[in-house]
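# below is the sequence, then the predicted model.
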Amino acid sequence: MAEQTAIFEVKEYMVILRQLEKMDFNGQQIRLRGIVRCHGTEHTLDVYFLDEESVFPEPVADIEKKKGYMFMPFRDLPVLVDILRNESPIYAHLRADRPEWTSITTTKEPVGEGEVG
């Protein structure tokens, strides 16, 4: 059986803002406003931020191609950018076995201690 999960440390990210791009994603018309592309050494997770009127596809994790996609409301873009700017390390979880668990996480930190490391 092929590998169903990949966890990687996010090493770099890129933010892309769009006025509005109507595009097809796996047969669904989405209304794209922004992308945060999270790069690891080998893997990439694209978080697509969609207009409130958009349909929201299920997350996709293609472990063989080392690529994943998540879909979130455009209003949540600043939250992810803040995490990427201020937390370390950050991990992306690509879950082909449970696509709804595809995620971006930090590690445990003590409450009120500021940054660890």
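Nice, I can see it.
# bridging residues for residue 21?
For residue 21, the beta-bridge partners are residue 32 (DSSP bridges).
# got any ranges where the chain has weak pLDDT?
For the chain, applying pLDDT under 70 flags the ranges 1, 113-117.
# tell me the centre residue of it?
residue 47 (3.6 Å; CA atoms, centre = their mean).
# who's it bridged to?
Once the bridges are assigned, which here means DSSP bridges, residue 47 pairs with residue 36, residue 70.
# quick one: it and residue 86, what's the gap?
Here the criterion is CB to CB, to the nearest Å. By it, residue 47 lies 17 Å from residue 86. For glycine as for every other residue, the C-beta is placed from the backbone atoms N, C-alpha and C.
# with residue 12 instead?
15 Å.
# and residue 44, how far is that from residue 55?
Distance, residue 44 to residue 55, by CB to CB: 23 Å.
# between the two, point out the one with more neighbours.
Higher neighbour count among residue 44 and residue 55: residue 44, with 19 against 11, using other CB atoms under 10 Å.
# contacting residues around that one?
Shown here is residue 44, whose contacts under the criterion CB atoms under 8 Å, 6 or more residues apart in numbering are 37-38, 66-68.
# try it again at 7 Å.
Residue 44 sits next to 37-38, 66-67 when contact means CB atoms under 7 Å, 6 or more residues apart in numbering.
# with residue 72 instead?
Per CB under 7 Å, 6+ apart, neighbours of residue 72: 47, 49.
# part of a helix, is it?
No. In this structure, residue 72 is strand, not part of a helix, as judged by DSSP: H, G, I helix; E, B strand; the rest coil.
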